[in-house]
Structures are given as structure tokens and as C-alpha cells.
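Undergrad: take a look and give me a structure for this.
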Amino acid sequence: MRQPGGRMDKTGGPAFPHPPLRFDSREEAEEWRKYLVGMSLRDWFAGMALSGMTRIDGRGFFPKDTAHDISGWCFQIADAMLKEREKPE
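TA: Down below sits the predicted model:
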């Protein structure tokens, strides 16, 4: 999500943002908010990296790689992608 000054927050904001919705009350808006936030762009990028990494040569990773290692690599890739987005075009 863009912050003041045009910078993105560290999650990249929502992966699939929705248009603003109107609610009859603040309470109703707060209740719906938890359903409308969804995953962050960082989570989406990490999931896409995971999808690609597990398809390498059709074999995926070797058994010595732990889920912790793989998930860490995916989020490192996601963070690099978010950082790249901050660069001027």
C-alpha cells in the first residue's frame, strides 16, 4: 500500500485490492474489514516463487531441503520483488 510520499509499505499492500465499499455504520465496516483485506502482495509473490521452485525440472526440491529453508527463500524472493517495484521506471 502506498504511504505518504509515494512509498510502498513492506507488504506491498493487498494482492487483489477491491474498490471502496459503503457501509451504514463504522461497526459494520469494521466487521467486514477482516473479510476484505485478503493476502498481501508479499504473500502472493512468495506463493508464486514457491510454485515455480517446486516445479524445477519437474522434480522439485531434494529431501535435504526443509520447508523452513524453502519458505525463507520464497519470502526473500518476494522481498526482492517488492524492493524492485520501488525503483523509478
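
Undergrad: in this structure, where's the longest helix?
TA: helix 67-86 (DSSP state H).

Undergrad: host element of the residue sitting furthest away from the middle of the chain?
TA: Residue farthest from the centre of the chain, counting by CA atoms, centre = their mean, is Asp24 at 30.3 Å. Asp24 is part of no helix or strand, with elements assigned from DSSP states H and E.

Undergrad: mind checking pLDDT for it?
TA: pLDDT for Asp24: 87.

Undergrad: before we move on, what about Asp57?
TA: 59.

Undergrad: next up, the contacts around the nearest residue to Leu82 once chain neighbours are set aside.
TA: Leaving aside its sequence neighbours, Leu82 sits nearest to Gly12 (CB to CB, 6 or more residues apart in numbering; 4.8 Å). For glycine as for every other residue, the C-beta is placed from the backbone atoms N, C-alpha and C. With contact set as CB atoms under 8 Å, 6 or more residues apart in numbering, Gly12 has these partners: Met1, Ser40, Leu41, Arg42, Phe45, Leu82, Arg85.

Undergrad: buried sites along the longest helix of the chain?
TA: Burial within helix 67-86, assessed by neighbour count using 16 or more other CB atoms under 10 Å, is assigned to Trp73, Cys74, Ile77, Ala78, Asp79, Met81, Leu82.
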